[in-house]
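> What follows is a predicted protein model with its sequence.
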Amino acid sequence: MLLAIDTSAGTSVAIVDRDAGVIAEHSSPDTRGHAELIGTFIQACLDDWGGVVTSLSGVVSGMGPGPFTGLRVGIAAARAFAFGAGKIVVPVVSHDAVAFGAEGPVLVVTDARRHELFWSTYSGSDAAGLPVRTSGPNLAKAAELEHDVRGYGGYRLLDGGLVSAASLGLVAELQYAHGRPFAADQPLYLRSPDVTLSAGPKRVTS
């Protein structure tokens, strides 16, 4: 039983089980309200489930790619919940959740803002039902995507405007069941945040 959280695009929270499937899921495509929605969605999923937190095996965190501000909200929420519950954090690439269950080859894209797109390609699913990523995640100008993705015309486009936490959790369940490695526990921002700290102290003049 896993609690899954993703804020790489919109906000999505779910509780899934390898045998029972999707037990609860609450999502919003709003790309600006992650901090306001995440707590409400976690509580709503727990209420729908009706179980006790100690019954969870872990917390799945969508690692992106995604814009810095939104993505870090979900990762921080997953880590904080896992710490409080004494559970492990299971990192999963968010694009893998979008490609989950799709018949390949597919090209997954999510909005990176600034007229750019995050993208990954998949050849399909393996024998375990897990998506096989062949490239990415990468970052490209929207106008240059066709040039950057070799064989663009041969892929079916999947727009990850909202990454399903339920799919994210089911990917994690299958990875565990089949002994596959999880993603690195590092956010996939793919570029620097809009705001950075200055290199030194600010000069004060009279």
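Everything's here; your move. These numbers were taken from a predicted model, which means no experiment stands behind them.
> Convert the least confident helix or strand in the chain by mean pLDDT to CSV, retaining C-alpha atoms only.
One helix or strand of the chain scores below all others by mean pLDDT, DSSP states H and E: helix 145-148, with a mean of 90. Extracted in CSV, the C-alpha atoms of helix 145-148 (Å, rounded to 0.1, in the frame of the first residue of the first chain):
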residue,chain,number,x,y,z
LEU,A,145,11.0,19.9,-30.4
GLU,A,146,10.7,18.1,-33.8
HIS,A,147,14.3,18.9,-34.5
ASP,A,148,15.5,17.7,-31.1
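> next helix or strand past that helix?
The helix or strand immediately downstream of helix 145-148 is strand 156-159, counting by DSSP states H and E.
> Pull out the buried residues from that following strand.
Neighbour-count burial for strand 156-159, counted by 16 or more other CB atoms under 10 Å, picks out Leu158. C-beta here means a position set from N, CA and C on the backbone, and glycine is covered the same way.
> what residues does it touch?
Val98, Ala99, Ala102, Gly104, Pro105, Val106, Leu107, Val108, Val109, Thr110 (CB atoms under 8 Å, 6 or more residues apart in numbering).
> list the buried ones in the helix or strand following that strand?
Using DSSP H and E, the helix or strand that follows strand 156-159 in sequence is helix 165-177. If you call a residue buried by 16+ other CB under 10 Å, then helix 165-177 has these buried ones: Ala165, Ala166, Ser167, Leu168, Gly169, Leu170, Val171, Ala172, Glu173, Leu174, Gln175.
> Can you get me a residue count around Ala82?
Residues lying near Ala82 (other CB atoms under 10 Å) number 20.
> and the longest helix that the chain contains, how far from the chain's centre?
Longest helix in the chain by number of residues (criterion: DSSP state H): helix 68-85. Relative to the centre of its chain, helix 68-85 is centred 12 Å away, using CA atoms, centre = their mean, to the nearest Å.
> Beyond that helix, next helix or strand please.
Following helix 68-85 in sequence, per DSSP H and E, is strand 88-92.
> Restricting to C-alpha, output that next one in CSV.
Only the C-alpha atoms of strand 88-92 are listed here, as CSV (Å, rounded to 0.1, in the frame of the first residue of the first chain):
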residue,chain,number,x,y,z
ILE,A,88,10.5,5.2,3.1
VAL,A,89,10.4,7.5,0.1
VAL,A,90,10.2,5.9,-3.3
PRO,A,91,11.3,8.2,-6.1
VAL,A,92,9.8,7.7,-9.5
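> Confirm for me that Leu46 is in contact with Leu56.
No. In this structure Leu46 lies outside contact range of Leu56 using CB atoms under 8 Å: 9.5 Å.
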